[in-house]
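Chemist: Provided below are the primary sequence and the corresponding predicted coordinates.
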Amino acid sequence: MKVALINENSQASKNALIFATLKEVCDQKGLQAFNYGMYGKEGESQLTYVQNGLLASILLNSKAADFVISGCGTGQGAMTALNSFPGVVCGLAVDPTDAYLFSQINGGNALSIPFAKGFGWGAELNLKLIFERLFAEPAGGGYPKERAVPERRNAGILRDVKNQVYRPLPEVLERIDQGFLKETISGEHFAEYFMANAEDGKIKEMIAARL
């Protein structure tokens, strides 16, 4: 399972801490972690939380990533933006219980975390516990367990509805502002990670043409 971290510009200075915590948990659980930035470096390509949504959709729809960790100051903007793009089901986690229940009940493929609001003493410990509970069990297991069947059914209905009401990602990539798209995929390691891991040939070809 490939897990991608995407930080937006306001919280880029915390990228190293967030990724180190995520990678520690992923290593323990046999998952691969990829850091798509922002890295908090001077002069690097900027990512707003809206661009986080587009980047998450590119990674998930191309299968370059199986799960995306993102966030912003409150986590609300990133969650809203990620859910605005096709193929993304993003929850919000303030604490480990949020992460576990989202994984088990909703079975989504992205999580937004507040990296400013409430991010004080013990923040790195809370982050580690969030990641541990998020990946504690296979997604969609249900909570409580006797609710597993209707919860999986509802999650499937949501995915089907999104497929009907959202444009396919290749169409989005054609129609969206191309400068916005190019800036979104201009991160220092994007091309390296994406080209090595993307599986969807059409999306991979479209992105490669814009790199």
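Modeler: All right, it came through fine. Numbers count the residues shown, from 1 in each chain.
Chemist: counting neighbours, what do you get for the closest residue to Asn9 other than its chain neighbours?
Modeler: Once flanking residues are discounted, Asn9 sits nearest to Gln46: 5.1 Å by CB to CB, 6 or more residues apart in numbering. C-beta here means a position set from N, CA and C on the backbone, and glycine is covered the same way. For Gln46, the neighbour count with other CB atoms under 10 Å is 15.
Chemist: what sits against Gln46?
Modeler: By CB atoms under 8 Å, 6 or more residues apart in numbering, the residues touching Gln46 are 9, 38, 183.
Chemist: just to be sure, which of those residues are found in helices?
Modeler: Taking DSSP state H, the ones among the contacts of Gln46 that sit in helices are Glu183.
Chemist: between the contacts of Gln46, which has the most around it?
Modeler: Within these, most neighbours by other CB under 10 Å means Met38, with 23 neighbours.
Chemist: what separation do you get for that one and Ala155?
Modeler: Distance, Met38 to Ala155, using CB to CB, to the nearest Å: 31 Å.
Chemist: what about the helices in this structure?
Modeler: 15-29, 49-62, 76-83, 96-101, 123-134, 148-165, 169-175, 178-184, 190-197, 201-210.
Chemist: just those: most buried one?
Modeler: helix 49-62 (a mean of 26; mean count of other CB atoms under 10 Å).
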